[in-house]
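1. Quick one: sequence and predicted model below, then my questions.
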Amino acid sequence: MAVTKYRVTAQRSGDWWALSVPDLPGVHSQTKRLDQAEGEIREAIALMLDCEPEDFEVAVEPELQGLAKAVLAQLAAARDAAEQVTEALRLATARAVLVLTEDLSQRDVGSLLGVSFQRVHQIKDAAPPLPEVELQFEQASHGLQVIGFFSSDETPRWVAGGLPVHTHRSAPAGPSRKAKTSA
């Protein structure tokens, strides 16, 4: 049996959050704190439908305006960019471990990467066979800066600065250098 999920809107009304269920006209509630909204609206829905509060799911969606909405959008974009950078770091670390352990001991690789030799072993064991990867760099005032991380099939894995990912690469502005590695 499929569980029904109700979308709940939460709008500020003075010091309170006004809660409404668009799919159930007449079902409203309020709460002082957003973290209590789910419990409050579950009770209202259960009362209206004559069922238990655990018989359905709710998704509380706060509706903010102006600057509050803008800063949350900026935060979401920053988190997405951080996830992209984290993935690029994970792939680069796995690639480095796979390449360096071909000629060096795990202890030496750990010293080079600033991690324990045990961590090198974990990374090496967990690393799937990675496709050929190309890092693109461009000259920056403080040295080289990574501008992209691509698979050999031209698929962007990560692009610096959270830029939109395109299906093809374009040449970077200014002098650039490519570093290619293969498994």
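-> Received it, and whenever you're ready, just let me know what you need.
2. which intervals of the protein have sub-threshold pLDDT?
-> Applying pLDDT under 70 to the chain flags the ranges 128, 130-183.
3. wait, is Asp23 part of a strand?
-> No: going by DSSP: H, G, I helix; E, B strand; the rest coil, the assignment for Asp23 is coil, not a strand.
4. Please enumerate the helices of the protein.
-> Secondary structure of the chain by DSSP state H: the helices cover 37-49, 66-100, 106-113, 117-126.
5. Can you list the helices and strands that the longest one packs against?
-> To tie it back to what came earlier, the one meant is helix 66-100. For helix 66-100, the contact count by 3 or more C-beta pairs under 8 Å, 6 or more residues apart in numbering; DSSP states H and E identifies helix 106-113, helix 117-126, strand 133-140, strand 143-151, strand 156-159 as packing neighbours. Bear in mind the C-beta positions are built from the backbone N, C-alpha and C, glycine included.
6. List the buried residues in it.
-> Using 16 or more other C-beta atoms under 10 Å as the test for burial, helix 66-100 gives 84-85, 88, 91-98, 100.
7. again, but for stretch 44-53
-> Within stretch 44-53, the residues that qualify as buried are 44-46, 53, counting by 16+ other C-beta under 10 Å.
8. re the thing from before, possible to save the buried residues of helix 66-100 as CSV with distance to Leu24?
-> As requested, the buried residues of helix 66-100 are arranged in CSV below (distance: C-beta to C-beta, whole Å):
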residue, distance to Leu24
Gln84, 39
Val85, 42
Ala88, 45
Leu91, 46
Ala92, 50
Thr93, 49
Ala94, 49
Arg95, 52
Ala96, 55
Val97, 54
Leu98, 55
Leu100, 60
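9. Between those residues, which sits nearest Ala76?
-> Checking these against Ala76 with C-beta to C-beta, the nearest one is Gln84 at 13.0 Å.
10. Check the gap between the closest one and His28 for me.
-> According to C-beta to C-beta, to the nearest Å, Gln84 and His28 sit 40 Å apart.
11. Likewise for Ala77?
-> Computed as C-beta to C-beta, the Ala77 to His28 distance reads 33 Å.
12. again, but for Ala76
-> 28 Å.
13. can you check Gly114 too?
-> Distance, Gly114 to His28, using C-beta to C-beta: 55 Å.
14. who's more crowded, these two?
-> Between Gly114 and His28, counting by other C-beta atoms under 10 Å, His28 is the more crowded of the two (15 against 7).
15. so that one bridges to which residues?
-> Ser20 (DSSP bridges).
16. Surely it is in contact with Glu43?
-> No: counting by C-beta atoms under 8 Å, His28 sits too far from Glu43 to count as a contact (11.7 Å).
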